[in-house]
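Trainee: How does the following fold in three dimensions:
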Amino acid sequence: SVFWVSANGLMAKLWDSATSNDADGTVTVDSLSYGAQVLPAGDIIFFGGEIIVVEPPTGYPNGLEVVAQKGGEISAYWGYVGTITTLDWLEMTICDSQNNCATTQENTYTTSRMMSGQSETTHGETYSFTLKVCNAGGCNSNIATNSATADSMVDGNPTATQMQVSTTEGIWTVSWAEYGDTSDVAGWMVCWTDYSWFIPGDMPSTCIDAGESTTIDLYHPSGTGTKTYYFVAVPYDDKGNVNNALPGTDIILTHWDDTIYDSDGDGFTDDIDDCTFIYGNSSKGNDSNILLGCTDSDGDGYADTIDSDPEDSTKWLDEEGEDCDKPLVNDDCIDISDAENEDEKKKDTEDDSSGLIIGIASGIGGLLVVVIILLVVIMSRNKKSMSDETSIYHQEQLFEEDQNYHQPYVEPNAHNMHPSISYNGQVGSDGYEWLEHPQGSGIWYWRNQAGTQWSKHQ
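Mentor: Numbers count the residues shown, from 1 in each chain. Purely as a prediction, here's the structure:
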């Protein structure tokens, strides 16, 4: 049999009279049987045997949520129920309120769709999503639908009027009155800077949230000299959309000192506060990313912008940007017990190293003591040897010299056996002073300097 299959999987039988004798590669279809119609783009498929009927899919989309977000963006999320096969696809249709629709075929791995507020949506327009799972046999009858209205601005054109600003010691008090339809207003933002602007879109980003109030106190910024500061109060809605506006009032401020202020009053002075005009209590992070004084919704110390889960105080980010539910150690997500074990291992290693160093030092010290003792013994022996040689030399020289310089002989007794230092001898050619005492006794004494003690020659 010969079938035509469309691009979306629809099939139509063209010819079913082929036999085994018709296997010459050519198939002729009588166009008159089909009213000379031209077939749309598709595939010609040959089948042999029985045709198997493809049943519609058993799986279908479920839990479709369509949400309007800030800036006109619309996001859709969904899941699937039942069995989804590789032959199935997702048919998605998006229509505006004028029933202008666009239908696309997506693979069944798709579980979300985002419409850009810049290029795909219009403020105030409602967009409807219709999802169903289909295959060549048809579509599942369970269809998911939902819709949302694009929101990119505060409705009703509300404005702040009668704006005033006064100053006291280090503080501005800004006040204003609401004007216009405020039904879409969730709160007011007060923005200021030290220059004026002439296009609403150029409004400064230095702002603080006043909530639903129409007055707020601001700390003066630090600086020097005299400057004029310009203020504006603008509304925002529940999506976070903020209207732009031109300055509503201004004030001249003279900086009399270099005092560093805490503009948002969160305890972090302006010179270290990463969110100068937003009250916050964040104080943690890793070496490469620490934010001070920013919003910390879950109170874990990590600013929402660097927190993997701003609503869960047990999770944050490590240096690699991975989820972490344990204290950071050296910028890594490590269980504190593991960190303590690492510290203990490091301490043990240091202790082992210290013990090894002490042992080596002790060994070297002991070796040095042995070497010193050996050197002392050797030097002592050398000195004795040299003394013996000197004595022999001295004795030989004495017998070659004239003997006329002997002291007069005195009968030896216990008191005059050792010569007095006042005795004078004869300086020999060796430079030493020699004395025979008692004279003619054959007992010689020497010294190397007059007036010093005599030493007996051995």
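Trainee: got the buried residues for the strand ranked longest in the chain?
Mentor: Here the longest strand in the chain is taken by residue count, with DSSP state E as the criterion, and it is strand 225-236. Buried residues in strand 225-236, counted by 16 or more other C-beta atoms under 10 Å: 229, 230, 231, 232, 233, 234, 235, 236. (Each C-beta comes from the backbone N, C-alpha and C, glycine too.)
Trainee: chain center to it, what's the gap?
Mentor: Distance, stretch centre to chain centre, for strand 225-236: 35 Å (C-alpha atoms, centre = their mean, to the nearest Å).
Trainee: repeat for stretch 424-431
Mentor: 89 Å.
Trainee: So what does residue 200 have for phi and psi?
Mentor: phi -50, psi -40 (degrees, to the nearest 10).
Trainee: Now it. Nearest residue, chain neighbours left out?
Mentor: In this structure, residue 200 finds its nearest non-sequential neighbour in residue 244, 3.8 Å apart by C-beta to C-beta, 6 or more residues apart in numbering.
Trainee: Could you double-check that that neighbour lies in contact with residue 201?
Mentor: Yes - if you go by C-beta atoms under 8 Å, residue 244 and residue 201 touch, sitting 5.5 Å apart.
Trainee: more crowded one of the two?
Mentor: Using other C-beta atoms under 10 Å, the more surrounded residue of residue 244 and residue 201 is residue 244, with 14 against 6.
Trainee: In contact with that one, which residues?
Mentor: 200, 201, 203, 234 (C-beta atoms under 8 Å, 6 or more residues apart in numbering).
Trainee: so it sits in a strand?
Mentor: No - counting by DSSP: H, G, I helix; E, B strand; the rest coil, residue 244 is located in no strand; its state is coil.
Trainee: coming back round to it: any figure for the gap between the residue nearest to residue 200 and residue 153?
Mentor: Using C-beta to C-beta, to the nearest Å, residue 244 is found at 9 Å from residue 153.
Trainee: The closest residue to residue 73 other than its chain neighbours: neighbour count?
Mentor: Leaving out its chain neighbours, the residue that sits closest to residue 73 by C-beta to C-beta, 6+ apart is residue 117, at 4.3 Å. Here the count is done by other C-beta under 10 Å, and residue 117 has 20 residues near it.
Trainee: The nearest residue to residue 172 once chain neighbours are set aside: which element?
Mentor: Excluding the flanking residues, the one nearest residue 172 by C-beta to C-beta, 6+ apart is residue 218, at 4.5 Å. Per DSSP states H and E: residue 218 is located in strand 215-219.
Trainee: Likewise for residue 129?
Mentor: Once you assign secondary structure using DSSP H and E, residue 129 falls within strand 126-135.
Trainee: repeat for residue 372
Mentor: Assigned by DSSP H and E, residue 372 belongs to helix 336-400.
Trainee: rewinding a little: could the contacts of residue 244 be laid out in JSON lines, adding distance to residue 372 and pLDDT?
Mentor: Below are the contacts of residue 244 laid out as JSON lines (distance: C-beta to C-beta, whole Å; pLDDT from 0 to 100):
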{"residue": "200", "distance to residue 372": "91", "pLDDT": "90"}
{"residue": "201", "distance to residue 372": "88", "pLDDT": "89"}
{"residue": "203", "distance to residue 372": "85", "pLDDT": "93"}
{"residue": "234", "distance to residue 372": "88", "pLDDT": "96"}
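Trainee: I'd like to know which of those is nearest to residue 73.
Mentor: Checking the contacts of residue 244 against residue 73 by C-beta to C-beta gives residue 201 as the nearest, at 19.1 Å.
Trainee: In contact with that closest one, which residues?
Mentor: Neighbouring residues of residue 201 by C-beta under 8 Å, 6+ apart: residue 244.
Trainee: Please report phi then psi for it.
Mentor: Dihedral pair for residue 201: phi -70, psi -10, per degrees, to the nearest 10.
Trainee: and it, how far is that from residue 70?
Mentor: Taking C-beta to C-beta, one finds residue 201 at 17 Å from residue 70.
Trainee: Parallel or antiparallel, which strands does the helix or strand just after the strand holding residue 129 pair with?
Mentor: Using DSSP H and E, the helix or strand that follows strand 126-135 in sequence is strand 138-139. Here strand 138-139 has these sheet partners by DSSP bridges: strand 126-135 (antiparallel).
Trainee: No more questions from me, cheers.
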